[in-house]
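Engineer: here is my input; please provide its structure:
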Amino acid sequence: MGADLTIVGLGPGSPEFVSRKVWELLTGSKVIYFRTGQHPVHDALPPRIELVSFDHLYEEIDEFEGVYSAIVNKILEEVRRNPPVVYAVPGDPMIGEATVSALLRLAAEENLHVRVLHGISFIEPCLGLLGLDALDGLSIYDALEIAGRYHPPFPPDTPVLVGQLYSKLVAADVKLTLMNQYPPEHPASLLHKLGTDDEWREDLPLAEVDHSVSIGTMTTLFLPEMPLESAFESFQETVAHLRAPDGCPWDIKQTHQSLRNHLMEEAYEALQALDTEDMDALQEELGDLLLQIVLHAQIATEEGFFTTSDVIASIQSKIIRRHPHVFADLDVEDVDQVLLNWEALKEVERENEGSDKGILDGVPIDLPALTQAEEIQARVARVGFDWPGIEGVLAKLEEELVEVQEASEDEHVAWEVGDLLFAVVNYARWRGVDPEAALREANRRFRRRFTDVEKQARVEERKLSELTIDELEELWQAAKKRS
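Structural biologist: Numbers count the residues shown, from 1 in each chain. Purely as a prediction, here's the structure:
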């Protein structure tokens, strides 16, 4: 049975790359539909053949989705009305051709017979020009897909080709996405007019790819791999190797429980880097923290509980589900409404799971007390359990201070001091202050100043234990002035 629709690949450029089978079909046809007439094969065909191009749609319709939809509808209309139909696309029909994917899907639904005649894609000339083997981990993506993202979808440890970089505007969007992972000075190459006698390579830094005056419909971007292994997958391989029989004896014997303190320590060291605004330290500490996370995931994988992919898929699904104002059509006015909606979504999730957990069940009991208090107050505030104004917060603070002063028994004093601290945390929350960070900073100030007091005492050859409180206060005030 003959095909109702034959889709043919025109190759990357020069007619010499068209297969004999495709050329015989093209030259034997009365009418050929071209996705674009901007291809050397289009102009090389005999004048007796009617060539129908859809280039005008790119001018008439703003969005590519609309252009492709119009092309698909026209082709299917012709197939239903007057088969067989020949539809020609650049390169290979199965690489980077959205119209072909749609035609194959819709034709199958209508039981139309479709034949695909393959051609050389843009990839083969790229490999030749670059001296690459595609099986050496090469990633291949469409420029429009990259341009529509906020982060590259491929690991930086492998080279990548970005096809159909047809304009400086698209190149600018692609560059911005890539620079969320690659440094501006990362080497890049623009491959122009591939598959023709005029093909050439333009080398330049990633930050300048959209400055090229030679970008056109036959331009492809190439990025080599990063000089140092930096992909998450590479790090997983390293950690898995550490845990393997030929790995590190220390790492092999670790368990979730033996690593517990390491996880906590690395989290606190990352917090310290944040508090001191030391970006170099933060980079290092985040890496140390990531090691702990991947180690725990690797141990769980070995024990058959879950994999790192499960961890990522779970949090990915949760984040998307709880941000309908970003990934769906929910409108929110401000941060407060975002948080309120967040709690409402969590409540629905608990109901769907048949859980009897409440709003506060998700607050870890191992959190530092100040942080735990702040999180408790923030969560109940999201459902409306809060003071209407800061005046009530201050009044409660004064009330708790009075109760501390009036408490007599030790147990009662501890109770009231706890209430006072809880009220202080609430005041900090209202003022937008992180109480844990504020207290850590106060601790640092005190340590710095008291160390200064000790130093000054040594300079004066005096012992702290022999100084009166007034003498200590004098040294303390001097230290405060110096810091």
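Engineer: tell me the confidence at the residue most central in space within the chain?
Structural biologist: Centroid-nearest residue in the chain, with Cα atoms, centre = their mean: residue 151, separated by 5.2 Å. Per-residue pLDDT puts residue 151 at 96.
Engineer: how about it, nearest residue that isn't a chain neighbour?
Structural biologist: residue 180 (4.8 Å; Cβ to Cβ, 6 or more residues apart in numbering). The way it works is simple: take the backbone N, C-alpha and C, and place the C-beta from them, glycine included.
Engineer: checking that neighbour next. Helix, strand or coil?
Structural biologist: Per DSSP: H, G, I helix; E, B strand; the rest coil, the secondary structure class of residue 180 is coil.
Engineer: got the buried residues for the helix or strand encompassing residue 400?
Structural biologist: Here residue 400 sits within helix 390-406, counting by DSSP states H and E. If you call a residue buried by 16 or more other Cβ atoms under 10 Å, then helix 390-406 has these buried ones: 393, 396-397, 400, 403-404.
Engineer: switch those over to JSON lines; also include pLDDT.
Structural biologist: Formatted as JSON lines, the buried residues of helix 390-406 follow (pLDDT from 0 to 100):
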{"residue": "393", "pLDDT": "91"}
{"residue": "396", "pLDDT": "92"}
{"residue": "397", "pLDDT": "91"}
{"residue": "400", "pLDDT": "91"}
{"residue": "403", "pLDDT": "91"}
{"residue": "404", "pLDDT": "89"}
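Engineer: and the nearest residue to residue 98 once chain neighbours are set aside, what's its pLDDT?
Structural biologist: Leaving aside its sequence neighbours, residue 98 sits nearest to residue 68 (Cβ to Cβ, 6+ apart; 4.8 Å). The model reports residue 68 with a pLDDT of 93.
Engineer: next one: the residue nearest to residue 151 from residue 369, what distance?
Structural biologist: 38 Å (Cβ to Cβ, to the nearest Å).
Engineer: who's more crowded, these two?
Structural biologist: It is residue 369, of residue 180 and residue 369, that has more neighbours when counted by other Cβ atoms under 10 Å, with 13 against 10.
Engineer: what distance do you get for that one to residue 2?
Structural biologist: From residue 369 across to residue 2, the span is 78 Å (Cβ to Cβ).
Engineer: what's the answer for residue 70, then?
Structural biologist: Residue 70 sits 27 Å away from residue 2, going by Cβ to Cβ.
Engineer: now the protein, which segments are flagged as low pLDDT?
Structural biologist: Scanning the chain with the threshold set as pLDDT under 70 gives 1, 353-356.
Engineer: how is it partitioned into domains?
Structural biologist: 5-120, 124-223, 232-295, 358-433, 436-482 (automatic domain parsing).
Engineer: among the ones you listed, which comes closest to residue 324?
Structural biologist: domain 358-433 (16.3 Å; Cβ to Cβ).
Engineer: sorry, back to before: doesn't residue 152 make contact with the residue nearest to residue 151?
Structural biologist: Yes: judged on Cβ atoms under 8 Å, residue 180 makes contact with residue 152 at a distance of 7.0 Å.
Engineer: so what sits against both of these two?
Structural biologist: Residues touching both residue 180 and residue 152 (Cβ atoms under 8 Å, 6 or more residues apart in numbering): there are none.
Engineer: the residue nearest to residue 98 is in what secondary structure piece?
Structural biologist: Residue 68 belongs to helix 64-81, assigned by DSSP H and E.
Engineer: tell me how far that helix lies from the chain's centre.
Structural biologist: With Cα atoms, centre = their mean, to the nearest Å as the basis, helix 64-81 stands 35 Å off its chain's centre.
Engineer: against which helices or strands is that helix packed?
Structural biologist: Counting contacts by 3 or more Cβ pairs under 8 Å, 6 or more residues apart in numbering; DSSP states H and E, helix 64-81 is packed against strand 31-34, helix 55-60, strand 85-89, helix 98-109.
Engineer: the last one vs helix 64-81, what angle?
Structural biologist: Between the direction of helix 98-109 and that of helix 64-81, the angle (axes from the mean of the first three to the mean of the last three Cα atoms, to 10 degrees) works out to 40 degrees.
Engineer: could you identify the helix or strand that succeeds helix 98-109?
Structural biologist: Next along the chain after helix 98-109, taking DSSP H and E as the criterion, comes strand 114-117.
Engineer: tell me the strands beside that next one, with direction?
Structural biologist: Strand 114-117 sits in its sheet next to strand 5-9 (parallel), going by DSSP bridges.
Engineer: contacts for the following helix or strand past the partner strand, please.
Structural biologist: Along the chain past strand 5-9, the next helix or strand (assigned with DSSP H and E) turns out to be helix 20-27. For helix 20-27, contacts defined as Cβ under 8 Å, 6+ apart pick out 6, 8-10, 15, 18, 32, 41, 45-46, 49, 86, 88, 117, 119.
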